[in-house]
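Q: A predicted structure for the sequence below; I have some questions about it.
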Amino acid sequence: SDISTPEGGALPTAEGTSSVREPLVPDLFAADPSAHVFDGRLYVYVSHDQDAGLPFDDEGGHFGGMVDYHLLTWDAPDGAARDLGPLLHVDDVPWAAGHMWAPDAAAANGKYYLFFPAKDPDGVFRIGVAIADHPEGPFVAEPEPIAGTYSMDPTAFADDDGTHYLFWGGLWGGQLQRYRDDVADPANGVPAVGEPALGPRVARLTPELTALAEPSREVVIVDEDGEPLTEGDPRRFFEGCWVHKYDGRYYLSWSTGDSHLICYGTADDLYGPYTYRGVVLTPVVGWTTQHSIVEAAGRWWLFYHDALASGGVHHMRSVKVAPLDYTADGEIVTIEP
Ligand code: FUB
């Protein structure tokens, strides 16, 4: 493999991790890293932070300047991460008006798919897909968002048989609280404290990866007693889910938003319910916390972001990486940022 182990942008060795990790690309404010190995090379698809001078609010208005994505990769062992530049600008997406938030990517059918959320001209988040012949693009967006999707933070998971599933959803600015059973109602909000929390959505994709093959369903996350996590519980799902498989078991990990954790649960069925298992990442500098988990170069990695380099400006973030380990019981060892 040509995946590197960085010094200043390179992947850290487990032993050589410094107490303060450096941004993978110091001169790029980027966030929401989605890491994949395509054709033996590690790629990290990231959203692109820009300060548009927009006011801070609970709907993430200050993230409104995000209009494109970037792609990071490594060329040589021990080399630095390289920014391959902008991918897919909002102006190139016929249905989108702005808010190009957390993306993900997938490979199938000899092509590469970039899944992304964006707001339509009515300010409603939808999820789109763009297709390329190479992992680096150029990506061409489908003319319409994926029917049946809404909210944001898509993640595409390929199961062992090659079937792809799309997970998505995020609260507050991500608008998931507006929906019940795929239907929006302005009267809907987050459940009352103590009621079952809202989970992310999941649906199988068609083989072409451009449409849902079934209506979406809610992914239920339960506690150790099998009871759904409730609104008000600091472990409940907020946004930014990721799915990976380890030792034959599905791992769902997610950001808890206002309690600033990355948590995870496991399931034997991809659709869940997922049983809460623990904390992947303790709070970072900055309000949002986001991640992906990937096996590359012979070990597991956590890609995440924080706002340390900008002095804690929530919408000016940097992408980082840390080694991720499992116990013999398959528990993820909690990482300190
Ligand atoms: O980067 C914009 C939004 O902030 C993402 O979609 C969320 O996951 C949070 O990181």
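A: Received the coordinates, thanks.

Q: what packs against the host helix or strand of Val319?
A: Per DSSP states H and E, Val319 falls inside strand 318-324. Using 3 or more CB pairs under 8 Å, 6 or more residues apart in numbering; DSSP states H and E, the elements in contact with strand 318-324 are strand 30-38, strand 299-306. From N, CA and C alone the C-beta is placed, and that goes for glycine too.

Q: Can you confirm whether the first one lies near the ligand?
A: Yes. With CB under 6 Å from any ligand atom as the measure, strand 30-38 is seen reaching the ligand through 31-32.

Q: Go ahead and name everything in contact with that strand.
A: By CB atoms under 8 Å, 6 or more residues apart in numbering, the list of residues contacting strand 30-38 from outside reads 3, 42-49, 70, 72, 101-107, 112, 135, 153, 155, 240, 242, 288, 290-296, 301, 303-305, 317-319, 321.

Q: Please save the CA atoms from it in PDB.
A: Provided in PDB are the C-alpha atoms of strand 30-38 (Å, rounded to 0.1, in the frame of the first residue of the first chain):
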ATOM      1  CA  ALA A  30     -12.000  21.600   6.600                       C
ATOM      2  CA  ALA A  31     -14.300  19.300   8.600                       C
ATOM      3  CA  ASP A  32     -16.500  16.200   8.600                       C
ATOM      4  CA  PRO A  33     -13.800  13.800   7.300                       C
ATOM      5  CA  SER A  34     -15.100  10.600   5.500                       C
ATOM      6  CA  ALA A  35     -12.200   8.300   5.000                       C
ATOM      7  CA  HIS A  36     -12.100   5.400   2.500                       C
ATOM      8  CA  VAL A  37      -9.500   3.200   0.800                       C
ATOM      9  CA  PHE A  38     -10.200   3.200  -2.900                       C
END
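
Q: Could you check how far it is from the centre of its chain?
A: Its chain's C-alpha centre lies 8 Å from the corresponding centre of strand 30-38 when counted by CA atoms, centre = their mean, to the nearest Å.

Q: One more: stretch 131-145?
A: 18 Å.

Q: Please spell out which residues along it are buried.
A: 131-132, 135-137, 139, 141-142, 145 (16 or more other CB atoms under 10 Å).

Q: Just the closest of those to Gly64, please.
A: Pro145 (18.6 Å; CB to CB).

Q: and the closest one, what are its phi and psi?
A: phi -60, psi 170 (degrees, to the nearest 10).

Q: now Leu205
A: In this entry, Leu205 is assigned phi and psi values of phi -90, psi 150 (degrees, to the nearest 10).

Q: Quickly note the distance from the spatially closest residue to it that is not a sequence neighbour to the ligand.
A: In space, and not counting its chain neighbours, Leu205 is closest to His164: 4.4 Å by CB to CB, 6 or more residues apart in numbering. Distance check for His164 against the ligand: by CB to the nearest ligand atom, to the nearest Å, it reads 20 Å.

Q: so what's His164 up against?
A: Contacts of His164 by CB under 8 Å, 6+ apart are 106, 108, 156-158, 204-205, 209.

Q: Now restrict these to buried residues only.
A: Using 16+ other CB under 10 Å, the buried members of these are 106, 108, 156-158, 204-205, 209.

Q: Could you export those residues to a markdown table, including columns for pLDDT, distance to Leu229 and secondary structure?
A: Listed next are these as a markdown table, based on pLDDT from 0 to 100; distance: CB to CB, whole Å; DSSP: H, G, I helix; E, B strand; the rest coil:
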| residue | pLDDT | distance to Leu229 | secondary structure |
| --- | --- | --- | --- |
| Ala106 | 98 | 28 | strand |
| Ala108 | 98 | 32 | strand |
| Ala156 | 98 | 24 | strand |
| Phe157 | 98 | 21 | strand |
| Ala158 | 98 | 27 | strand |
| Arg204 | 98 | 24 | strand |
| Leu205 | 98 | 26 | strand |
| Leu209 | 98 | 30 | coil |
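
Q: Save the residues you listed as a markdown table, and put in distance to the ligand too.
A: What follows is the buried ones among the contacts of His164, written out as a markdown table (distance: CB to the nearest ligand atom, whole Å):
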| residue | distance to the ligand |
| --- | --- |
| Ala106 | 18 |
| Ala108 | 23 |
| Ala156 | 15 |
| Phe157 | 17 |
| Ala158 | 21 |
| Arg204 | 23 |
| Leu205 | 20 |
| Leu209 | 21 |
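
Q: Among these, which one sits closest to Ala328?
A: Relative to Ala328, the closest of those is Phe157; by CB to CB it sits at 25.0 Å.

Q: I figured Val190 was touching Leu171, is that so?
A: Yes. Here Val190 lies in contact with Leu171, judged by CB atoms under 8 Å, at a distance of 6.3 Å.
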